[in-house]
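In: show me how the following folds:
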Amino acid sequence: MQPRIQYAKTPDGVSIAYWAMGSGPLLIHTSPLVWSHIQLEV
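Out: Numbering: from 1, shown residues only. Below you'll find the predicted structure:
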């Protein structure tokens, strides 16, 4: 099952894409690139 990509909006209007899946302890992964394509990382 593909995770659903969601968006969080910052106070200055920038949208940040993220996805979540599974359960257990929280693990945050960020791309080493300044600009990336989240759909290609899923």
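In: and residue 7, backbone torsions?
Out: phi -130, psi 140 (degrees, to the nearest 10).
In: report the contact partners of residue 6.
Out: Residues counted as contacts of residue 6 (C-beta atoms under 8 Å, 6 or more residues apart in numbering) are 17-20. Glycine gets a C-beta too; all of them are placed from N, C-alpha and C.
In: who's it bridged to?
Out: residue 18 (DSSP bridges).
In: and residue 12, how far from residue 25?
Out: Distance, residue 12 to residue 25, by C-beta to C-beta, to the nearest Å: 31 Å.
In: ok, now residue 2?
Out: 22 Å.
In: so these two - more neighbours on which side?
Out: residue 2 (8 against 4; other C-beta atoms under 10 Å).
In: looking at it, residue 21 is touching residue 27, isn't it?
Out: No. Between residue 21 and residue 27 there is no contact under C-beta atoms under 8 Å: 10.4 Å.
In: which of these two has more neighbours?
Out: For residue 21 and residue 27, the more surrounded residue by other C-beta under 10 Å is residue 21, and the numbers stand at 9 against 6.
In: which phi and psi does the residue nearest to that one when sequence neighbours are not counted have?
Out: In this structure, residue 21 finds its nearest non-sequential neighbour in residue 3, 4.3 Å apart by C-beta to C-beta, 6 or more residues apart in numbering. The phi and psi values for residue 3, taken as degrees, to the nearest 10, are phi -70, psi 150.
In: can you count the residues close to residue 3?
Out: Neighbours of residue 3 (other C-beta under 10 Å): 12.
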